[in-house]
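S.K.: test case, fold it:
(one chain, ligands or ions: 2)
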Amino acid sequence: GTVGAAGGVAVEASAGVKGGGAGGGDRGARDLDQNERRRFLKGLGLAAGLALVGGVAGRLLTARQAVKQARNEVVLPRPRQPVPVVPAGAQVPGVTPYVSANDDFYRIDTALYPPQVDPSTWQLRIHGMVRNPITLTWEQLLQRPMIERYVTLACVSNEVGGDLIGNALWLGTPIKELLDEAGPLPGADQVVQRSVDGWTCGTPTAVLRDGRDALLAVGMNGEPLPVDHGFPVRMVVPGLYGYVSACKWITEIELSRFADFDAYWVPRGWSAQGPIKTESRIDTPRDGAKRSAGTVVVGGVAWAQHTGITKVEVQVDDGPWAEATLAATVSVDTWRQWSYQWEATPGDHRLRVRATDRTGQTQTSTPAPPAPDGATGWHAVQVSIG
Ligand SMILES: Nc1nc2c(c(=O)[nH]1)N[C@H]1C(S)=C(S)[C@@H](COP(=O)(O)O)O[C@H]1N2
Ligand SMILES: [Mo]
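M.R.: Ligands and ions are numbered 1, 2, ... in the order given. Next comes the predicted model:
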């Protein structure tokens with residue numbers, strides 16, 4: 001039910017996503033968007049016949065058709081190492097899938113319609129404060145070394161307990177190697193990424209070169225990127241919120257300075273730097289669930305991308321914090337599931353969760369809204385035991 005959260009939505013359904021990027025605005029703005037969208041869709045129905053005759057809608061449909069076909073014809077290159085294997089036991093029953101299906105993967109962007117980019121004319125320009133500017137075609141990109149990694153992407157506008165987070169297997173070429181070839185000049189501390197639709201984000205150059213598996217990605221869960229998720233090429237950076245790192249439909253990388261350029265969401269009140277905050281969520285039981293007294297398995301996810309989760313604790317009402325069992329995980333770049341066996345007694349109870357990351361830091365109890373750099377606080381659910 002969150003703006004832009006549904007993956008695989010029809011192109012028309014995305015009309016309400018506008019402005020739902022990093023922030024998504026407040027509730028009022030969302031409702032307005034919904035009404036506008038309904039009116040817009042009605043208008044579409046009336047005008048459809050006319051518009052289809054050589055109109056905007058017609059051209060849009062043609063572009064969608066052509067790009068859909070081009071995507072179907074893509075043969076993804078093989079990664080240079082075997083695919084990482086998801087260990088048995090990464091999945092706790094009743095918890096959200098460890099790997100998010102492409103169609104269920106949350107979607108956030110400012111695009112009224114997802115840009116239709118034809119790979120045969122796609123180019124990536126790496127320029128700005130570099131010694132050797134580079135231009136890559138789709139064919140050239142596919143010939144570069146490819147790796148495949150699970151990375152959990154998260155949106156800064158995710159509320160505590162929210163679902164604007166997903167984990168996928170990304171295939172791509174390490175951006176570090178491309179940046180090394182381009183040769184950033186001293187002082188170029190920001191890598192500005194620009195999408196074909198003009199959207200921009202800025203990532204610290206140092207983060208993209210520190211050895212983490214930051215990818216210029218072409219594949220998602222074994223398929224070419226879905227159009228909604230950036231086909232043909234996007235960036236994926238472990239440890240940073242999407243609004244500062246995960247440019248979809250990317251066509252330009254400009255080495256710059258944070259002092260010289262503010263990316264799209266920065267003048268709109270969001271922080272220029274966006275490391276993902278350590279968070280955790282209860283998936284089962286759901287808020288408002290009714291269960292019988294006895295053993296109830298409480299489970300969920302916790303994440304501290306590129307740092308790693310070392311502990312998750314659960315609290316019943318105002319009781320002591322009890323340590324949950326951590327499930328297996330592929331790497332520190334993904335979320336991690338957990339479970340806790342609760343001996344539930346009759347009555348209404350509040351369950352809370354908090355995670356500790358590998359730096360030893362435990363999530364703060366202090367609630368903060370998503371803006372400007374990510375929500376904080378402990379996720380809680382109410383459960384009634386009969
Ligand atoms: N071109 C473009 N890329 C974008 C955005 C956007 O609005 N336009 N939104 C960003 C944000 S805020 C997030 S959280 C991620 C979401 O990626 P997804 O839609 O594949 O889940 O994409 C990022 N990349
Ligand atoms: Mo986001």
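S.K.: helix or strand next in line after the helix or strand of the chain with the lowest mean pLDDT, which one?
M.R.: Of all helical and strand segments in the chain, the minimum by mean pLDDT, DSSP states H and E falls on helix 27-52, at a mean of 55. Going down the chain from helix 27-52, the next helix or strand is helix 56-72, by DSSP states H and E.
S.K.: next SSE downstream of that next one?
M.R.: Taking DSSP H and E, what comes next after helix 56-72 is strand 123-128.
S.K.: buried residues in the helix or strand that that next one is followed by, which are they?
M.R.: Next helix or strand after strand 123-128 toward the C-terminus (DSSP H and E): strand 134-137. Using 16 or more other CB atoms under 10 Å as the test for burial, strand 134-137 gives 134, 136. To be clear about C-beta, it is placed using only N, CA and C from the backbone, and glycine gets the same treatment.
S.K.: can I get strand 134-137 as PDB, trimmed to CA atoms?
M.R.: Taking C-alpha atoms only, strand 134-137 is exported to PDB below (Å, rounded to 0.1, in the frame of the first residue of the first chain):
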ATOM      1  CA  ILE A 134      35.000   6.900 -21.300                       C
ATOM      2  CA  THR A 135      32.000   6.200 -23.400                       C
ATOM      3  CA  LEU A 136      30.500   2.700 -23.400                       C
ATOM      4  CA  THR A 137      27.900   1.100 -25.600                       C
END
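S.K.: what strands line up against that strand, and which way round?
M.R.: Strands that pair with strand 134-137, judged by DSSP bridges, come out as strand 123-128 (antiparallel).
S.K.: enumerate the residues of the protein near ligand 2.
M.R.: Counting by CB under 5 Å from the ion, the residues of the chain close to ligand 2 are 22, 108, 155, 242-243.
S.K.: looking at the residues you listed, which is nearest F261?
M.R.: Y243 (15.0 Å; CB to CB).
S.K.: quick one: pLDDT of the closest one?
M.R.: pLDDT recorded at Y243 is 98.
S.K.: residues contacting it?
M.R.: 21-22, 155-157, 201, 264-265, 270, 274 (CB atoms under 8 Å, 6 or more residues apart in numbering).
S.K.: now for I385, how many residues are close by?
M.R.: Using other CB atoms under 10 Å, I385 is surrounded by 18 other residues.
S.K.: which residue is the nearest non-sequential neighbour of it?
M.R.: A344 (4.5 Å; CB to CB, 6 or more residues apart in numbering).
S.K.: which residues does that neighbour bridge with?
M.R.: G294.
S.K.: gap between it and ligand 2?
M.R.: Applying CB to the ion, to the nearest Å, the value for A344 to ligand 2 is 36 Å.
S.K.: for ligand 1, what are the nearby residues on the stretch 51-200 of the chain?
M.R.: Contacts of the stretch 51-200 of the chain with ligand 1, taken as CB under 6 Å from any ligand atom, map to 105-110, 153, 155, 195, 197, 199.
S.K.: how far away is the closest residue to ligand 1 within the chain from G230?
M.R.: Scanning the chain for the residue nearest ligand 1 gives G242, at 2.5 Å (criterion: CB to the nearest ligand atom). The gap separating G242 from G230 is 11 Å, by CB to CB, to the nearest Å.
S.K.: related to what we said a few turns ago, could I get the residues of the chain next to ligand 2 as CSV with secondary structure and distance to I147?
M.R.: Formatted as CSV, the residues of the chain next to ligand 2 follow (DSSP: H, G, I helix; E, B strand; the rest coil; distance: CB to CB, whole Å):
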residue, secondary structure, distance to I147
A22, coil, 28
I108, coil, 25
C155, coil, 24
G242, helix, 20
Y243, helix, 24
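S.K.: and which of those residues is nearest L142?
M.R.: G242 (24.1 Å).
S.K.: that closest one touches I108, doesn't it?
M.R.: Yes. With contact defined as CB atoms under 8 Å, G242 reaches I108; the gap is 6.6 Å.
S.K.: among these two, which residue is more densely surrounded?
M.R.: The neighbour count for G242 versus I108, taken as other CB under 10 Å, is higher for G242 (28 against 24).
S.K.: whichever strand or helix holds D283 pairs with which strands, and in what direction?
M.R.: Assigned by DSSP H and E, D283 belongs to strand 279-284. Strand pairing for strand 279-284, using DSSP bridges, gives strand 294-303 (antiparallel).
S.K.: average pLDDT across the strand it pairs with?
M.R.: Here the average pLDDT along strand 294-303 is 98.
S.K.: same check, this time on stretch 79-98
M.R.: Stretch 79-98 comes out with an average pLDDT of 94.
S.K.: what's the burial count for K277?
M.R.: The burial count for K277: 21, using other CB under 10 Å.
S.K.: same check, this time on P369
M.R.: By other CB under 10 Å, 13 other residues sit near P369.
S.K.: before we move on, what about Q190?
M.R.: 28.
S.K.: quick one, what contacts it?
M.R.: 202-205, 255-258, 260-261.
S.K.: ok, V95 next?
M.R.: Counted by CB under 8 Å, 6+ apart, V95 has contacts 283-284, 299-301, 337, 339.
S.K.: mind doing that once more with 7 Å?
M.R.: The contact partners of V95, by CB atoms under 7 Å, 6 or more residues apart in numbering, come to 283-284, 299-301, 337.
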